[in-house]
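Enquirer: Sequence and predicted structure are below.
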Amino acid sequence: MSKEDTLIIFTDGSSRGNPGPGGYGSIVIRGSQVTELGGYSEETTNNRMELTAVIKALQSISDDVKNKATIYTDSSYVLKGSTGWMYGWKKNGWKTANKQEVLNQDLWQDMIQVIELIGADALEWNLIKGHDGIVGNERADLIATSFSEKKPLELFNGSLETYDALLGESILKVPEISHDHPKRSHKKPFSYVSMVDGRVEIHASWADTENRVKGVSGAKFKKAISKIDEEKIIEEWQRTLF
């Protein structure tokens, strides 16, 4: 498939409290164009936001799917439900095998509707590990989290080239999906981040990091495995200062 035929989706959801305020984030790559989607919900759950992220992304492409769309989600609930469970639930009048009402029935009905519109055969589903340095997943998580905290990021809509430049690496860089995920500690570092007395610095090597934090009470340090991972580490640390 040529680059212009590419249709890739990354999604994630977040809920602060589960249930609590929540947000969703989706990234849709169509050829050389990228569109970010995001939104907020006042009282929701992680599962609802994970579902919403995929539904919104699929709705945005439902009018023009010429090639197979590849979806990356870190929610087994969404993947298993979208590729199997929901058809049985619908057949059983939206009851589980235990005759209980299906949770999030409204969203599953929306999911079935949009998948039937696109065609299930036009979708390729991939379950990925969250917070594992996959650029698209990390960015979708940032979007979802920002909305859940009522501090939404400015959503991008533009060229893939510009987007990759903003992120510092290619959004299309996705490791081969397998059941054996390499541990974070074995991944090649993008940078090292340290914080001493509330001041954050970024280092190119572990030696520089160690020189800054060694023997300093309360110092923090962490390896970042991507530009987005680096930004998330800094954001999380800065939240602890207020």
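Expert: The structure has been received and is ready for your questions.

Enquirer: Which parts of the chain belong to which domain?
Expert: When the chain is parsed with automatic domain parsing, its domains come out as 3-167, 184-239.

Enquirer: those helices in the protein, which residues are they?
Expert: 46-61, 76-80, 86-91, 105-118, 135-148, 160-167, 206-213, 227-239 (DSSP state H).

Enquirer: between the ones you listed, which gets nearest to V193?
Expert: Closest to V193 of the helices of the chain is helix 227-239 (C-beta to C-beta; 4.9 Å). C-beta here means a position set from N, CA and C on the backbone, and glycine is covered the same way.

Enquirer: Next, the buried residues of the helix or strand bottoming out on mean pLDDT in the chain.
Expert: Least confident helix or strand, the chain: helix 227-239 with a mean of 80, by mean pLDDT, DSSP states H and E. Using 16 or more other C-beta atoms under 10 Å as the test for burial, helix 227-239 gives 227-234, 237.

Enquirer: Equivalent analysis for stretch 112-128, please.
Expert: 112, 114-115, 118, 123, 125, 128.

Enquirer: try stretch 84-92
Expert: Across stretch 84-92, burial judged by 16+ other C-beta under 10 Å covers 85-86, 89.

Enquirer: With respect to K188, which of those residues is nearest?
Expert: Looking across the buried residues of stretch 84-92 and measuring by C-beta to C-beta, the closest to K188 is W85, at 37.4 Å.

Enquirer: pLDDT at the closest one, what is it?
Expert: Here, the pLDDT recorded for W85 equals 91.

Enquirer: how near is it to M111?
Expert: 11 Å (C-beta to C-beta, to the nearest Å).

Enquirer: related to what we said a few turns ago, for the least confident helix or strand of the chain, name the packing helices and strands.
Expert: helix 135-148, strand 191-196, strand 199-203, strand 220-224 (3 or more C-beta pairs under 8 Å, 6 or more residues apart in numbering; DSSP states H and E).

Enquirer: Next, count neighbours for Q59.
Expert: 16 (other C-beta atoms under 10 Å).

Enquirer: What sits closest to it if chain neighbours are left out?
Expert: Leaving aside its sequence neighbours, Q59 sits nearest to V114 (C-beta to C-beta, 6 or more residues apart in numbering; 5.4 Å).
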